[in-house]
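[1] Structure for this input, please:
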Amino acid sequence: MSNALSFPDRFRNWYAYERDCNAKTLTMLDSIPPDARTHPNFQRAIDKMAHLIAARQAWLYRLGHWPERPATFFPPNTTLADLPPRLQAIEEAWTTYLATITDKTLLSEFSFSSSNGDRWQWNILDLLTQVFGHAWYHRGQIATLVKDLGGKPIDTDYIFWCGTPQKLEPQPQ
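    Down below sits the predicted model:
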């Protein structure tokens with residue numbers, strides 16, 4: 001079924017998957033035993049999730065759909081309790097934005113300033129591909145930290161979210 005999706009619908013579908021993964025990531029973080037939460041890797045895991053949220057905020061700001069530029073891509077002193085409301089706000093904003101995109105939008109260029117003031121131009125299609133892959137990368141890091149801290153990692157592979165492939169019978173030789 002997913003092969004029939006238009007590119008805008010594919011990105012909306014991928015973001016639905018990402019929202020599910022975000023919920024699973026919060027569950028993973030919450031599974032870390034209390035005595036392991038004083039270990040520096042617990043804060044590293046929290047920081048990676050805070051970074052994912054800040055990066056999503058920064059890109060949405062650059063697109064003109066978030067009210068202010070995040071102060072940093074790496075918010076300091078974030079707690080586990082800080083993550084759910086931040087996540088809910090950015091997920092609502094991205095869902096609203098993605099509902100508006102079209103094929104024409106995806107091919108359009110936009111310009112933005114980086115944190116050091118450099119100006120850049122990019123297209124929406126590649127930007128959305130970047131933020132989607134960026135989340136996979138850091139969720140994998142978080143899952144590893146969770147496991148190392150004695151928590152319960154949850155498989156967030158796309159194949160398990162969208163449905164396991166159907167096994168075929170062996171072909172006769």
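
[2] Is Gly150 in a helix, a strand, or coil?
    Three-state call for Gly150 (DSSP: H, G, I helix; E, B strand; the rest coil): coil.

[3] That one: neighbouring residues, count only.
    12 (other Cβ atoms under 10 Å). Yep, even glycine has a C-beta here, placed from its N, CA and C like the rest.

[4] Quick check: it vs Arg44, distance?
    According to Cβ to Cβ, to the nearest Å, Gly150 and Arg44 sit 15 Å apart.

[5] For the residue nearest the centre of the chain, give me phi and psi.
    By Cα atoms, centre = their mean, the chain has its centre lying nearest to Ala135, at 3.7 Å. Dihedral pair for Ala135: phi -70, psi -40, per degrees, to the nearest 10.

[6] wait, it sits on Leu52?
    Yes: counting by Cβ atoms under 8 Å, Leu52 is a contact partner of Ala135 at 5.7 Å.

[7] Name the residues contacting each of the two.
    Residues touching both Ala135 and Leu52 (Cβ atoms under 8 Å, 6 or more residues apart in numbering): none.

[8] Any buried residues in the lowest-mean-pLDDT helix or strand in the chain, and which?
    Across the helices and strands of the chain, the lowest-confidence element by mean pLDDT, DSSP states H and E is helix 158-162, at a mean of 89. Across helix 158-162, burial judged by 16 or more other Cβ atoms under 10 Å covers Trp161.

[9] Show me where this structure dips below the pLDDT cut-off.
    Across the chain, residues meeting the criterion (pLDDT under 70) sit at 1-3.

[10] where exactly do the strands run in it?
    Secondary structure of the chain (DSSP state E): strands at 109-113, 119-123.

[11] okay if I get the ones you listed as a markdown table plus distance to Trp161 and mean neighbour count?
    As requested, the strands of the chain are exported to a markdown table (distance: least, Cβ to Cβ, whole Å; neighbours: other Cβ atoms under 10 Å):
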| stretch | distance to Trp161 | mean neighbour count |
| --- | --- | --- |
| strand 109-113 | 29 | 12 |
| strand 119-123 | 27 | 11 |
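
[12] that older thread, contacting residues for the residue nearest to the centre of the chain?
    Contacts of Ala135 by Cβ under 8 Å, 6+ apart are Glu18, Cys21, Leu52.

[13] What spatial separation is found between it and Lys48?
    For Ala135, the distance to Lys48 - Cβ to Cβ - is 10 Å.

[14] try Ser113
    Counting by Cβ to Cβ, the gap from Ser113 to Lys48 is 25 Å.

[15] again, but for Leu125
    26 Å.

[16] higher neighbour count, these two?
    Lys48 (20 against 17).
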